[in-house]
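Chemist: fold the stuff below for me.
(one chain, ligands or ions: 2)
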Amino acid sequence: MHRVRLLVFNAALGPLDYRVPEGMAVEYGSVVVAPLGPRQVIGIVWEAERLEAQSVPDARLRPLVGVLPVPPLKPSLRRLIEWAADYYCAPLAAVARMSLSSGAALKGSSTTLEYRLSGGMPERMTPQRERAMDALQGEQATIRELAELADVSEGVLRGLVQQGALEPVEVDLDRPYPPADPDHAQPELSGDQQAVADRFIAAVEAARFAPFLLDGVTGSGKTETYFEAIAAALRMGRQVLVLLPEIALTEAFLRRFEQRFGVPPVLWHSSLKSTERRRAWRAIAEGRAQVVVGARSALFLPYASLGLIVVDEAHEISFKQDDGVRYNARDVAVMRGHFEKIPVVLASATPALESLQMAESGVYEKLDLPSRFGGASLPDIETIDLTQEQPERGRWLAPRLAGEMFVRLERGEQSLLFLNRRGYAPLTLCRNCGHRFQCPNCSAWLVEHRLIRRLACHHCGFEEAPPAACPECGEKDCLVACGPGVERIADEVAAIMPEARVAVVTSDTLNSPDKAAEFVAMAEAGAIDVIVGTQLVTKGFHFPELTLVGVVDADLGLEGGDLRAAERTYQQVAQVAGRAGRGAKPGKVLIQTRHPESPVIAALAAGDRDAFYAAETENRRHAGAPPFGRWAAIIVSSEDEAEAKEAANRIGGTRPHLPDIAVLGPAPAPLSLLRGRYRYRLLLNARRSAEVQKVIREWLSALNFPQGVRITIDIDPYSFV
Ligand code: ADP
Ligand code: ZN
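Modeler: Numbering: from 1, shown residues only. Ligands and ions are numbered 1, 2, ... in the order given. All right, here's what the predicted structure looks like:
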């Protein structure tokens, strides 16, 4: 090739053509450096016929600067990037950037100096040095990372280096990961499990596109069966990607993986240290990372020889990314499987209606694991009608729930209370004047977090200390908390059962893998009697002594205008119920509700999953909602309210009139102010056959907007705020 077209990493630019200088070898997918004005940009060599660019005569082309020392992106990944950009109406460069998500890795192999305790003592001990040396036992990292770990300045550590107490170690940044052994600890599968595993193994060995929906109740051994698929891929020398919905779940997963395969898998998520990130990236690109476990961002990585993708808890809405490129990792995973020609396993105890429909129509192969492993029974589920059995004033746990908790405490068993609300109280107001504490940047109430003594906005991160006096009327000590969050429920438990050991589990308290590990260890050791948690505790955990689950407010998820509210409530409650009675002892679930007769709650109480899905399917069919129709949202925002409104009206005013697409709005978004931006929404409801993306692109490209206006397109939206 002497002339190439590049997909360049600059959002403002389209593809650009360059000359390949004599002696430089490039191919499609090569990652290269190119001149751009006085600067340089990174780009990917792309098939010219697939990208439109301004035509420039050969003579005016500038030469490439160089090729980066990484394997070229494979055609299967290039096709996936094109598909995702097209489907989600996102810039190609924004999608491609997710593949090259470690700047350091692109520079090639290298070494660095890390430091560890040498065993020697410094000549002079100071309290800071002592603290640092205590904190750094068994650690090895760069000075900067160690300083953060020990919470001392880098200067303190440099002093320790000078005095010989810390010694340098030269490490290869790309040192290999220890190999996983497919035969390390192979379990004996039950007949049902073996049948499922056999289908997976055959599909991995056939190396063809094969999407599976693994539908199995919680505790049925879904993980065990897809582990056998992983083992098959390992035996073939192929890589595996396992997507998990939350980083907090990875800890438990890592341990199980290690028990089965002898070593932990390679981790990928957004809070990796940059050295870990580059090491993982290079190992993935060179085929040395065998099994990668990650959050959705692991999906676009340039695997050298992917052989299997597993999406665990595939119904989870956190697979939907809601900023930047708004993609659904579950759906992109299936597309990646298609382009890579490999099997994809979507595993869930409560599959999304969309996934069930794909199975029903024969696109996915559905495999069932209908019963819990080892004869453990599914928990007994009852509702508590809060209009009949009222908690005491200012309390949220009905006497029957509290009574069952006492029984568990006496027997030395554990209880879990689920409430999907972080913090102490969702609303704080002034007793004197009624002033409500609102975020200055968002149309949202500030949530009191008593553990850290802050009022916080859950949308933008704004925080302030609770004021001593009301900012409106000046009255002192007048703030009242309205409604419960998990912290308040934990206080209630402490008040009625002072001897119980209570753990609050939310993304605030389990905000690192270490904290998650600590929690799991304590719960397993029986050092916790009552767990109070948000959706974070609904899945993944397996505590044999946990025999009671209380759903504090099952109606919470049904409020608000979310089009998937019923399904989500069903999934959450079914998942959290699945935490009960996973060991030898039977479990019980109590669901507090004001609407025991609502279809969702009634189906949960009756354990009648099919009835719920049948009713919800009918609702969706009626509404033309997914999986029967499609939605797309257009969100218009600006720091200037009038400007946002004007832009939204202009979009609304030029709406296409088509038989297969209805356009609703524009209307102010429910969160009409977010991070200081005023927001308007339009919602498109389309028939499945409609070309929504094409229509939106043509519609919007005919319009011009002022600089401050941002237009966001959300295909298959999950959030409607
Ligand atoms: P799921 O992923 O469906 O929730 P798991 O794979 O986590 O189910 O299995 C639930 C529990 O039962 C786990 O502790 C698991 O180790 C155990 N288990 C499942 N199948 C087997 C098996 N064939 N042999 C031994 N233990 C098993
Ligand atoms: Zn805010």
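
Chemist: for ligand 2, give me its nearest residue in the stretch 101-250 of the chain.
Modeler: Nearest residue of the stretch 101-250 of the chain to ligand 2, counting by Cβ to the ion: residue 246, 22.7 Å away. Where you see a C-beta, it was placed from the backbone N, CA and C, and this is true even at glycine.

Chemist: that residue: neighbouring residues, count only.
Modeler: Per other Cβ atoms under 10 Å, the neighbour tally for residue 246 reads 18.

Chemist: could you do the one 5 residues further on as well?
Modeler: Using other Cβ under 10 Å, residue 251 has 20 other residues around it.

Chemist: do residue 23 as well
Modeler: Neighbours of residue 23 under the rule other Cβ under 10 Å: 5.

Chemist: now the phi/psi pair for it, please.
Modeler: Here is the backbone geometry of residue 23 (degrees, to the nearest 10): phi 90, psi -10.

Chemist: so which residues make contact with the lowest-mean-pLDDT helix or strand in the chain?
Modeler: Ranked by mean pLDDT, DSSP states H and E, the weakest helix or strand in the chain is helix 513-524, scoring a mean of 86. The contact list for helix 513-524, computed with Cβ atoms under 8 Å, 6 or more residues apart in numbering, reads 247-252, 414, 503, 505, 509-510, 528, 531, 541, 543, 546.

Chemist: sorry, back to before: grab the nearest non-local neighbour of the residue of the stretch 101-250 of the chain closest to ligand 2.
Modeler: Nearest-residue entry for residue 246: residue 318, 6.2 Å, with adjacent residues in sequence omitted and distances by Cβ to Cβ, 6 or more residues apart in numbering.

Chemist: so that neighbour sits in a strand?
Modeler: No: secondary structure of residue 318 (DSSP: H, G, I helix; E, B strand; the rest coil): helix, not part of a strand.

Chemist: now the least confident helix or strand of the chain: buried residues?
Modeler: By neighbour count with 16 or more other Cβ atoms under 10 Å, helix 513-524 contains the buried residues 513, 516-517, 519-520, 523.

Chemist: which one of those residues sits closest to ligand 1?
Modeler: Ligand 1 lies nearest to residue 520 out of the buried residues of helix 513-524, by Cβ to the nearest ligand atom, at 12.9 Å.

Chemist: returning to that earlier point: next secondary structure element downstream of the least confident helix or strand of the chain?
Modeler: Note on helix 513-524: by DSSP states H and E, the next helix or strand toward the C-terminus is strand 530-533.

Chemist: show me what that following strand is packed up against.
Modeler: In terms of contacts (3 or more Cβ pairs under 8 Å, 6 or more residues apart in numbering; DSSP states H and E), strand 530-533 is packed against strand 414-418, helix 486-496, strand 502-505.

Chemist: winner for burial among the ones you listed?
Modeler: The highest mean neighbour count among these, using mean count of other Cβ atoms under 10 Å, belongs to strand 414-418: a mean of 28.

Chemist: partner strands of that strand and their direction?
Modeler: strand 530-533 (parallel), strand 546-551 (parallel) (DSSP bridges).

Chemist: could you give the mean pLDDT of the longest one?
Modeler: The reference is to strand 546-551. Across strand 546-551, pLDDT averages out at 94.

Chemist: how close does residue 337 sit to residue 412?
Modeler: According to Cβ to Cβ, to the nearest Å, residue 337 stands 46 Å off from residue 412.

Chemist: of those two, who's got more company?
Modeler: Neighbour count, other Cβ under 10 Å: between residue 337 and residue 412, residue 337 has more, with 25 against 9.

Chemist: with adjacent residues omitted, what lies nearest to the more buried one?
Modeler: Closest residue to residue 337 apart from its sequence neighbours, by Cβ to Cβ, 6+ apart: residue 344 at 3.5 Å.

Chemist: got it, and residue 627?
Modeler: residue 357 (3.9 Å).

Chemist: residue 685 too?
Modeler: residue 662 (4.7 Å).

Chemist: with residue 507 instead?
Modeler: residue 536 (6.1 Å).

Chemist: and what about the closest residue to ligand 2 within the stretch 251-400 of the chain, helix, strand or coil?
Modeler: Relative to ligand 2, the nearest point of the stretch 251-400 of the chain is residue 323 (14.9 Å; Cβ to the ion). Here residue 323 is coil, with the state taken from three-state DSSP.

Chemist: and it, what pLDDT?
Modeler: In this prediction, residue 323 has a pLDDT value of 88.

Chemist: state the helix or strand in which residue 714 lies.
Modeler: Here residue 714 is assigned to strand 710-715, by DSSP H and E.

Chemist: pLDDT on that strand, on average?
Modeler: Averaging pLDDT along strand 710-715 yields 96.
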